[in-house]
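J.: How does the following fold in three dimensions:
(chains A and B)
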Amino acid sequence: MELRILMDTGVLIYLILQTILLLFGTYALLGALQILRRWNFQATSPRQYSLEKRSYLVMLVIVFLTFAKIALFPFFAYTLDHLATMIPGAMCAAGVVEGVWFGEALLVLKLGLLFSGGVWLLLNRLDLQATDYPFMRIKSVLFVVIYLLLLLESGMDVAYLQGLSTKTPVQCCSVIYGVSGEQNALPLGLGTATLLLLFYLLFALQPLLLLQRQGYLLALANGVFLFVGYYAVVHFFGTYIYELPTHKCPFCMLQREYYYVGYLLWGSLFLGVFFAAAAAFLQATVKKPMVKLQRYSVWANALFTLLCSYFVVSYWLKNGVLL
Amino acid sequence: MIRVENLSKYYGQGRERKTVLQAIGLHIAQGECVVLKGVSGSGKSTLLSLMAGLEKPSEGAVYIAGEPISKLPDLHQSKQRNRHIGFIFQAYNLFEDMSVYENLLAPLIPRKLPVKEVDRAVSKALEAANIAHKKHTVVRNLSGGEKQRCAIARALVNDPEVILCDEPTANLDKDNAALFTRQLQQLKGAGKTLLIATHDPLFETLSFVDRVVTIEQGRI
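T.: Numbers count the residues shown, from 1 in each chain, chains lettered A, B, ... in the order given. Below you'll find the model as predicted:
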């Protein structure tokens, strides 16, 4: 690990917090394993009572851990963006992510962890609303999975930061997402017009699916919307945020020059997809429709779509032309 | 109405472990008035706390109106207690800086009742406990007997089926103690289930007491 990167304030804070959270997680894991082995809510034995007592603390630790991880993710993105000033060739987080071959996989893993943590929080809420902890075992199994992901993430974090070099130049967004870049082409041979049509159609479909109470289809539509939304932002809407037709990057919009709008934009898309996916998962687990969560999903996606559209409309109103 | 099964309570672990209650079994029918008699330290207050869901047992279970209150998660335990149980504490446990009226509002807050219903419930409880004339007096300025009546009113404000009293006459003079027993008799007449933990021999002689249960060193 290069000392300059290790000694960066953001990296130091991130690593220390991640280590503390991992310790908290280890404590919670021991509790979750004990619950999985011995939990029997019907029993009135000393062991069960003491397990119930311990479960309060274990659940509280997991709640804290999950909220801390949610807060830590944008901080990690911010730190990556900041590291761009140290890595030759990097102008934003895109270059820093590309600085190590598994950088993108690490980001996907972090998102997966946030999604799993969010589902755990919702499951915990449902569990506490019931009188007999019906989801205690499912919650514990889910936490064991989350812990393993957390462990993998911590290992990858260290390997990733160790792999970053302040001497070797990296490619950044203008190359990666530029005209000749490998990630420039739209998938499935889509054109920009088709992509936009698909984007707005998928958005319009979501309230209809909500009204029809089609939770699983809404989750599926959100899965496709995540994919289409990502490409639509990088290839079309992003150019209006940057006001440059050739600049296509999912990360630059996280910078100060663009008023950190990327956090709100990506945050609303991820939230929308999360709520729809979590609603489907919980509907399958709890066997009850999760209309409230589905409604949140539609609202978050509406915010995302409005924000995207705003930049295009605003540019057109200001300049009278489109890019 | 109240069913206690194999209830035990220990504090500490290993050599430090202190057993306060051991394998208690008790059944109290609806409308029954039971006196739990025992010397200080015999486990009366602990048993009452477990029955009210103020503490978790180490073993066994307590059922109130068929619900296992000792097994419920904290939130549901509080709701169950709020709905079914009125508790009169030895030291009253009132908010000293609040008025009698405000003290009675506290148990009604979780029920989110309309203001008119809240006023009706408070007035009814104040009348029943004979403390309506002190409605707006700050508790700190009340006498011991008045505080006791305020505590009774608070225990009654949610119209619970079960009233648990922990050493209710310990801080009262003879006249106030007699007044308190008359109020208990009225509650018994209204069909409430009463459990009175006390070492005061006065309760053994009362005509409306159905049963006296003796607790000694944590055993019945």
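J.: ok, the residue in the stretch 101-250 of chain A positioned nearest to chain B to residue A:158 distance?
T.: For the stretch 101-250 of chain A, the residue closest to chain B is residue A:131, as judged by Cβ to the nearest Cβ, at 4.9 Å. The way it works is simple: take the backbone N, C-alpha and C, and place the C-beta from them, glycine included. Distance, residue A:131 to residue A:158, using Cβ to Cβ, to the nearest Å: 44 Å.
J.: Among these two, which residue is more densely surrounded?
T.: Between residue A:131 and residue A:158, counted using other Cβ atoms under 10 Å in any protein chain shown, residue A:131 has the larger neighbour count: 17 against 14.
J.: and the more buried one, what is it in contact with?
T.: For residue A:131, the contacting residues are B:72-73, B:76, by Cβ atoms under 8 Å, 6 or more residues apart in numbering or on different chains.
J.: name the helices or strands packed onto the lowest-mean-pLDDT helix or strand in chain B?
T.: When the helices and strands of chain B are compared on mean pLDDT, DSSP states H and E, helix B:174-189 comes out lowest with a mean of 82. Applying 3 or more Cβ pairs under 8 Å, 6 or more residues apart in numbering or on different chains; DSSP states H and E, one finds that helix B:174-189 contacts helix B:144-156, strand B:193-198.
J.: For the ones you listed, give me a markdown table that also has mean neighbour count and distance to chain A.
T.: What follows is the helices and strands packed on helix B:174-189, written out as a markdown table (neighbours: other Cβ atoms under 10 Å in any protein chain shown; distance: least, Cβ to the nearest Cβ, whole Å):
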| stretch | mean neighbour count | distance to chain A |
| --- | --- | --- |
| helix B:144-156 | 24 | 24 |
| strand B:193-198 | 24 | 21 |
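J.: would you turn these into JSON lines with distance to residue B:106?
T.: Output for the helices and strands packed on helix B:174-189, formatted as JSON lines (distance: least, Cβ to Cβ, whole Å):
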{"stretch": "helix B:144-156", "distance to residue B:106": "7"}
{"stretch": "strand B:193-198", "distance to residue B:106": "22"}
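J.: Could I get the buried residue list for the host helix or strand of residue A:113?
T.: Assessed by DSSP states H and E, residue A:113 sits inside helix A:103-129. For helix A:103-129, a neighbour-count test (16 or more other Cβ atoms under 10 Å in any protein chain shown) marks A:103, A:106-107, A:109-111, A:113-124, A:126-127 as buried.
J.: Now do the next helix or strand after that helix against helix A:103-129, angle only.
T.: Following helix A:103-129 in sequence order, the next helix or strand is helix A:136-163 (DSSP H and E). Going by axes from the mean of the first three to the mean of the last three Cα atoms, to 10 degrees, helix A:136-163 is angled at 160 degrees with respect to helix A:103-129.
J.: Which strands or helices does helix A:136-163 pack on?
T.: With 3+ Cβ pairs under 8 Å, 6+ apart as the test, helix A:136-163 has helix A:9-38, helix A:46-83, helix A:103-129 packed against it.
J.: Report the distance from it to the chain centre.
T.: Computed by Cα atoms, centre = their mean, to the nearest Å, the chain-centroid distance of helix A:136-163 equals 15 Å.
J.: can you check stretch A:285-293 too?
T.: On Cα atoms, centre = their mean, the centre of stretch A:285-293 falls 22 Å from that of its chain.
J.: Name the surrounding residues that touch that stretch.
T.: Counting by Cβ under 8 Å, 6+ apart, A:122-123, A:126, A:135, A:138, A:210, A:213, A:215, A:275-276, A:278-280, A:282-283 sit against stretch A:285-293.
J.: and with 6 Å instead?
T.: A:275, A:278-279, A:282-283 (Cβ atoms under 6 Å, 6 or more residues apart in numbering or on different chains).
J.: distance between the ends of that stretch?
T.: Using Cα to Cα, to the nearest Å, the end-to-end distance of stretch A:285-293 comes out at 14 Å.
J.: buried residues in that stretch?
T.: Quick answer for stretch A:285-293 (16+ other Cβ under 10 Å): A:285-286, A:290, A:293.
J.: And for stretch A:271-289?
T.: Of the residues in stretch A:271-289, those buried (16+ other Cβ under 10 Å) are A:271-283, A:285-286.
J.: One more: stretch A:226-238?
T.: A:226, A:228-229, A:231-238.
J.: same thing with stretch A:190-197?
T.: Those buried within stretch A:190-197 under the rule 16+ other Cβ under 10 Å are A:190, A:195-196.
J.: tell me the pLDDT at the residue of the stretch 101-250 of chain A closest to chain B?
T.: Residue A:131 carries a pLDDT value of 87.
J.: Repeat that for the one 4 residues further on.
T.: In this model, residue A:135 is scored at 92, pLDDT.
J.: Neighbours of it, how many?
T.: Look at residue A:135: counted by other Cβ under 10 Å, it has 20 neighbours.
J.: State the mean pLDDT of stretch A:139-159.
T.: 95.
J.: Pull the CA coordinates from that stretch and hand them back as PDB.
T.: In PDB, the C-alpha atoms belonging to stretch A:139-159 read as follows (Å, rounded to 0.1, in the frame of the first residue of the first chain):
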ATOM      1  CA  LYS A 139     -32.900 -12.500  10.000                       C
ATOM      2  CA  SER A 140     -30.100 -14.400  11.500                       C
ATOM      3  CA  VAL A 141     -29.400 -16.400   8.300                       C
ATOM      4  CA  LEU A 142     -29.500 -13.100   6.300                       C
ATOM      5  CA  PHE A 143     -27.000 -11.500   8.800                       C
ATOM      6  CA  VAL A 144     -24.600 -14.400   8.400                       C
ATOM      7  CA  VAL A 145     -24.700 -13.800   4.700                       C
ATOM      8  CA  ILE A 146     -24.200 -10.100   5.200                       C
ATOM      9  CA  TYR A 147     -21.300 -10.700   7.500                       C
ATOM     10  CA  LEU A 148     -19.600 -12.900   4.900                       C
ATOM     11  CA  LEU A 149     -20.100 -10.200   2.300                       C
ATOM     12  CA  LEU A 150     -18.700  -7.600   4.900                       C
ATOM     13  CA  LEU A 151     -15.700  -9.800   5.400                       C
ATOM     14  CA  LEU A 152     -15.100 -10.100   1.600                       C
ATOM     15  CA  GLU A 153     -15.600  -6.400   1.200                       C
ATOM     16  CA  SER A 154     -13.100  -5.600   4.000                       C
ATOM     17  CA  GLY A 155     -10.500  -7.900   2.300                       C
ATOM     18  CA  MET A 156     -11.200  -6.400  -1.100                       C
ATOM     19  CA  ASP A 157     -11.000  -2.800   0.400                       C
ATOM     20  CA  VAL A 158      -7.500  -3.500   1.700                       C
ATOM     21  CA  ALA A 159      -6.400  -5.200  -1.500                       C
END
